[in-house]
Structure formats: C-alpha cells, structure tokens
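1. Coordinates for the following, if possible.
(2 chains)
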Amino acid sequence: MRSGGFRLGWDKGIILLLVLLIVFGGMSDNLFLSGDNINFIIGDVSEVMLIAFAMALLIIVKEIDLSVASNLTLSSAVIGITWHGTNSMWLAVIAGLLTGSTCGLINGLLVTRLGLSSLAVTIGTLALYRGLCYVLLGDTPVADYPTEWTDLGYQPIPGTFLPWVVVPMVVAGLAFWYVLHGTRLGRWLFAIGQGDEAAVFSGIPLKRVKLSLFVLTGFMCGLAGLAYTIRFASSSPDGALGFELLVIAAVLFGGVAIAGGVGTIWGVVAAVLIWGFSRSYLQLAGWDANALVIVSGLLLLVSVAVPRVLSKIRDAAAHRTSRPSSRGGVTPPPGGEAEPLSPAVAGHDQGSHRG
Amino acid sequence: MMTKLLRVRELPILVALLILLLLTGILNPAFRTGDGLTAILIESALIGFLAVGQTNLIIMRHIDLSVSSTAGLVSFLVGSYSMNHGGVTGGVALLIAIGVGATVGIVNGALVAYLGLPSLVVTIATLYIVRGIFNYLAAGITVTADQLPPYFSWIGSGEVLGVPDLFVFAAAAAAIMTLVLRYTRWGRDLYAIGSNPPAARRVGIPVAHREFGAFVLNGSIAGVAGLMLLSRFSFADATAGLGIELYVVAACVIGGVAIAGGVGTPAGALIGAVLLQTIAFALGALGVSQFWQQAVAGALLVAAIAFDRIVAMRSTHRAMRLVEVPV
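-> Now for the predicted structure:
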C-alpha cells in the first residue's frame, strides 16, 4: 500500500498456499484428490470450520471464547440424553442447538454485563460446561443413535462425493461472509475491533453486538456438536478435548489479527482447509501423527511472526519510528496506546494483514 | 494496620479456604484425620508451583500456556534417561529440567518480548510444538517406577513435619517469589509494567528484558515441575501433564492475580491452587458424586472472577465518593 506496487496480503497468500497444496498433493498421490478422501477431509474439518466462522468474528471484536470445545461436547451430551428421554431425534437436535446458544449467552452476559475479561470467563466456563457433560452422561457415552441419522455422517449426498455436513458449512460460510463483508453490522465489527471507545461514541451498540456474537458462537458450537454426534455416532463426556486451541490457531492462521479489527472469512476457510488437507496428505504419506501437531504449531507461529518481521523491516527501511495506532485491549486501555492489555492482545501488525 | 490487613487481596480467598476446610471437617469425620489434608496438599503442589511462575507473567498481562507440554516433556526425558542408563542422578535430572524448560522459555520470551508477538498465540503454538515433539519421542514408551531411582518416590511421598515434600517445595517457591516481587527492583518493575506499560517504558524500565526474563524463569519452573510430576506419579508416558495449563491459570485467577495485570502475588496463586483442590476433595468428602465435581469447580471459578470484579467496582465507587466529599 505505502510502497505501491503488488503486495500479497496474508489472506490471499494462504489461499495461494491452499491451491499449491492441493495441486502438489494431487500430483504426488493419486488417492489425495479422490472423492472418498475429499469426503473424509470435509467431515474431518467440519466442526473446526463451523466454530471458526464465529470465533473469527469474536476475535475481530477483541474477545475470545475458550469454552467452545466444552460447549460442543455439552451440546452433544444434551442431544444424547434428549434422544434417550424422548426417542425423538428432532427434539434432541433442537435441545442441542438451544444448549449451545444458552452457553454462549452465559459467556456473553458475564463479559458484557460485568465487564469481565472474556479470556478469564471462558476459562471458567470451559471447566463448568465440561463438568456438566460428566454430570449428564456420567461415564457411559450415548452410542445408540438411529442409523438413518448416523448414516448422514459419512454417506455422500446422492450424486456427489460430498458429505451432508457440507450443507451447513456452505450455508454458514456464505452467511458469515455476507454479514462480515457486506453489511453494516460487519463494518461495526471492524470498527469495534479498531477501538472500543470510538465505536461507542459513533453510536454502535457495543454491548449488544458483543452479546449477540457470544450467543452466535454458542449456536455454532451447538451445530458443531450435532455434526460431531452424527459423525462419531456417539456422545461422550471427554470428546473434542483441546479443540478450542485448534479453532483459535486456525482463525489466527487465517489472517484474523489477535489484536482485533482485521480478518476475512475466506482467509479462515482457507486456513481450515489447509489444516485438513495437509493433515490428510501427511497421513497418506505415512507421516507420524505428531508431525502434524508440530507443523500446526509452526504454522501458527509463522502466521504471526512473519507479518511482524516484515513490518519491522519495512519500518526500518522507511527510517520511521513506528506509527501510533489505536490498538486497544479487551478492557478499556488506561494508557490508550498500542500496548498489550491482556495476554490475548498484543502487538500484531494490522496493515500487513489487510492486504 | 487492621484496615490494611483487611484490604489484602488474598484474605477473602484464605477465609473461604478455611471455612471450606472447617465445614468439610465437621460434616465428614474421616476428613479430620489429616489424611484428607495431606492428599489436598500433594495434589495442589504441582499446580501451585506452576502458578508461581505464571503469576509473574499474568502480572505483566501475559500468559504462558505451554507449561503443561514443557513439564510433560521433562518428566518423560528424565524418565527415559533413567530407563536407558539404569538411573539418573539428581544433578543430571535438574540439568535436563532447567535446560529444556529454559529453552522453551527463551523461545517464548524472545518472540513475545523482542518481536512483540501476543503471548497467547505464541504459547499456544509452542504448546503444540513441544507436545508434538514429546508425543513423537514418547510414542508407545512408558517409564515405570522400577526404572526410576528410588529418590523420586521418596520425594513424592515424603513429608516434613506432616506436610508433603512437594507442597513444602511449592510453598517455599511461592514465598520466595512473593518476597522478590515485593522487595526487589525486578519485582516492582513487573507490577509497574502490568499497571501501565507505556508509563513503565517512559520511566525507563527495560520492559522487554523484564518480559523475557519472566518467560525464561517460567519455562525453568515448568521444567522443574516436570520433575515433581515424575516423583508424584513415578510414571511417565505421552499423556503426562496434558491439559493442566488452564488449571494453572485458574489457580492464579482464583488466588487474586487479575488477568488485566498489575496485581496479585504468587502466594495468593498457591492458595488459589489449594482452594481448587480443596473444593474437589470437599465435594467428594461430602458425598457429592464425582461427576459433579468439575462442574462445581467451574461454577466456583466463574463466581470467583465475577465476585472479584464486583468488589473492585464497589471499591472504585467508594473511592470516587470519597473524592467528591470535599467539593
């Protein structure tokens, strides 16, 4: 931007990376792009993708939700006991989605009404929701779901190789994309992320927006819980452990700045798919599963370090002191400067993410 | 003096802890024998010790989630060294612990302090990387008690005046660190940085060096915690330490270390760790189903965070009123 000429933004960069990965993977392994494998990959990434959409919006407004994995599992547990109690899968699905949304509402109320840090609140509700899973299920998983539902977990949509879970993924993806990049609400989210105070003074109903985002995140956890229940044909209290860090890693790798105010839905989609495709590729190539854990960590590190290093080099080259920017914190900044206010919020070059 | 004492942040939590212990003791006679207390202290030693290092970081508005992976990796490395060499001396064990721990701390610290990256992201990444290396090395290998030198289990089950060794160790660390934070320049700097980073920078505090130092120290503490893990269980495999990072943060928050930075002590964090463990034991001793325990602990954690905030808001209001009085 400043230097003119062509500059590859982060989100476009990782889309390119995804394309390269697919082309390279398809050429080096015949199975990689087979319908069955793509079906598997889409199912494999479905829960991360569904939650990552909502998490992206939360991080854009400088909040975070660490309770998503527990919420997913609790929704799945409620689906299980409702199915046992009523013998109706439709009621179970509704109960599951309501559970997810309610958990999100609780997080949102604690954050917006009491002004608590979302990091602290959701560490607490992470333990609470996971605990409720054990209360509901004890140590006996529900695994007797009707086959006409569990078949949906792996059977392709007739006439294609795509699994059924692709339907909510595409619908949610388009809806989130439209809201974030095509509506006034979307612009509000970026405005909130750039600075709480300015957003409030310009008339944005900050608390209501944040509360809705937490409820939305909860709803997506409920939806992901449904997908998880159907795909694994079971609800167990220890499912999806540590999943929250995976979702956050994917969102950040997708170019959403942890300091807020920057991010795109296509970046998040590309990041989740890169994770899914590279995982599948390494599995087919016979790599150790742990290699992927290491690779995920390195990718996450690279995704925050590279833009930072580049901006430092640019700044040094321009012989300028770093320009002041309005990165706020989760809580209102006492100094009002670009300072880390909570662990979730620290220096992250915003310009280089905007592309 | 009295009012000063009453305003100590750790007081409410200490009172809550004592009331909880008293109630449980009254309602369940078996708890009074002291075995219950010993079990609580052993269980809270590891989390409490890790919370000592974590406190330094949270005071500066940072966080380190990689500690569980570091501790797990160290417990396995020391265990497998002992397995392959027919034993391990205390010196070598400490060398491995501090070497590995400080290395992870240096990586975290350099990226956060000198490159300005957010600590949450960096330490999630190193959590993955270290856990991946750990699982790769430990795949299918389990170190058992008979492959470890006996001093591990002596330490793990030993007592000093009725207090478990591991807890004595954690308490000593918390006491020393609390004094360091209170009375040394290094410690005061951490509070200053957490209270107002731009102001700290302007008065000439070397913010980046302090952050780096605290990360390296925390990494080393996580490494030593790996040895505690090994002596506690006399056992090491690929699951060692999995998921304890959030309990460490929870102990700090319950113990009065505010996530917004600038306040709290390692001693408070240690009390927080003991309270977390006491709640779990009290529920068990009171006959509450074990399935309820995590849910209640989570609810109490949320309540503690909310309570702390409400108290803070009320005291701010009172302070505002006092200011207005002379007008």
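2. and A:Leu128, what are its phi and psi?
-> Phi and psi for A:Leu128, reported as degrees, to the nearest 10, are phi -60, psi -50.
3. give me every residue that touches it.
-> Listed by CB atoms under 8 Å, 6 or more residues apart in numbering or on different chains, the contact set of A:Leu128 reads A:Ser67, A:Ser70, B:Ala295, B:Gly298, B:Ala299, B:Leu301, B:Val302. For the C-beta atoms, the positions are set from N, CA and C on the backbone; glycine is no exception.
4. Next, count neighbours for the fifth one.
-> B:Ala299 sits with 18 neighbouring residues when counted by other CB atoms under 10 Å in any protein chain shown.
5. first vs last residue of stretch A:158-170, how far apart are they?
-> 17 Å (CA to CA, to the nearest Å).
6. Please apply the same query to stretch A:188-206.
-> 9 Å.
7. returning to that earlier point: dump the contacts of A:Leu128 into TSV; add secondary structure, pLDDT and distance to B:Leu283 as well.
-> Supplementary listing: these in TSV, determined by DSSP: H, G, I helix; E, B strand; the rest coil; pLDDT from 0 to 100; distance: CB to CB, whole Å:
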residue	secondary structure	pLDDT	distance to B:Leu283
A:Ser67	coil	94	21
A:Ser70	helix	95	19
B:Ala295	helix	84	10
B:Gly298	helix	81	12
B:Ala299	helix	85	11
B:Leu301	helix	76	14
B:Val302	helix	85	16
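8. List just the nearest of those residues to A:Trp177.
-> Ranked by distance to A:Trp177 (CB to CB), the contacts of A:Leu128 are led by A:Ser67 at 24.9 Å.
9. Number of residues surrounding that closest one?
-> Neighbours of A:Ser67 (other CB under 10 Å): 30.
10. Could I get the contacting residues of it?
-> A:Cys103, A:Asn107, A:Thr122, A:Ile123, A:Thr125, A:Leu126, A:Leu128, A:Tyr129, A:Glu244.
11. from memory the last one sits against A:Leu72, does it?
-> Just to be clear, that refers to A:Glu244. No - if you go by CB atoms under 8 Å, A:Glu244 and A:Leu72 don't touch, sitting 9.1 Å apart.
12. quick revisit: let's see if you can find the most crowded of the contacts of A:Ser67.
-> A:Asn107 (32 neighbours).
13. pLDDT value on it, please?
-> As predicted, A:Asn107 sits at a pLDDT of 97.
14. which SSE is it in?
-> helix A:89-114 (DSSP states H and E).
15. anything in that helix sitting right up against chain B?
-> Yes - residues of helix A:89-114 contacting chain B under CB under 8 Å from any CB of the partner chain: A:Leu110, A:Leu114.
16. and that helix, what does it pack onto?
-> helix A:68-86, helix A:118-137, helix A:206-232, helix B:290-324 (3 or more CB pairs under 8 Å, 6 or more residues apart in numbering or on different chains; DSSP states H and E).
17. one step back: what's the closest of the contacts of A:Leu128 to A:Thr140?
-> B:Ala295 (17.1 Å).
18. and the closest one, what does it touch?
-> Going by CB under 8 Å, 6+ apart, B:Ala295 touches A:Ala127, A:Leu128, A:Gly131, A:Leu132, A:Tyr134, A:Val135.
19. show me what contacts the fourth one?
-> Under the criterion of CB under 8 Å, 6+ apart, the contact partners of A:Leu132 comprise A:Leu74, A:Ala77, B:Ala295.
20. roughly how far apart are the last one and B:Leu21?
-> Okay, so that is B:Ala295. Counting by CB to CB, to the nearest Å, the gap from B:Ala295 to B:Leu21 is 21 Å.
21. ditto for the second one
-> The span separating A:Ala77 from B:Leu21 equals 33 Å under the rule CB to CB.
22. Give me the more crowded residue out of the two.
-> A:Ala77 (28 against 20).
23. ok, the more buried one touching A:Pro237?
-> Yes - between A:Ala77 and A:Pro237 there is a contact under CB under 8 Å: 6.5 Å.
24. shared neighbours of the two, which are they?
-> A:Cys133, A:Leu136, A:Leu137.
25. Reformat the residues you listed into TSV and put neighbour count, distance to chain B and pLDDT next to each item.
-> Formatted as TSV, the shared contacts of A:Ala77 and A:Pro237 follow (neighbours: other CB atoms under 10 Å in any protein chain shown; distance: CB to the nearest CB, whole Å; pLDDT from 0 to 100):
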residue	neighbour count	distance to chain B	pLDDT
A:Cys133	27	9	94
A:Leu136	20	9	93
A:Leu137	22	8	91
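26. per-residue pLDDT, residue 142?
-> In the absence of a named chain, this looks at chain A. Reading off the model, A:Val142 has pLDDT 91.
27. look at chain B instead
-> 84.
28. before we move on, what about B:Gly105?
-> B:Gly105 is assigned a predicted lDDT (pLDDT) of 97.
29. show me the contacts for it.
-> B:Phe215, B:Val216, B:Leu217, B:Asn218, B:Gly219, B:Ser220, B:Ala222.
30. Among these, which are located in helices?
-> Counted as lying in helices by DSSP state H, out of those, are B:Phe215, B:Val216, B:Leu217, B:Asn218, B:Gly219, B:Ser220, B:Ala222.
31. Surely A:Met137 and A:Ser235 touch.
-> Residue A:137: Leu, not Met. Yes - between A:Leu137 and A:Ser235 a contact is recorded at 6.7 Å, counting by CB under 8 Å.
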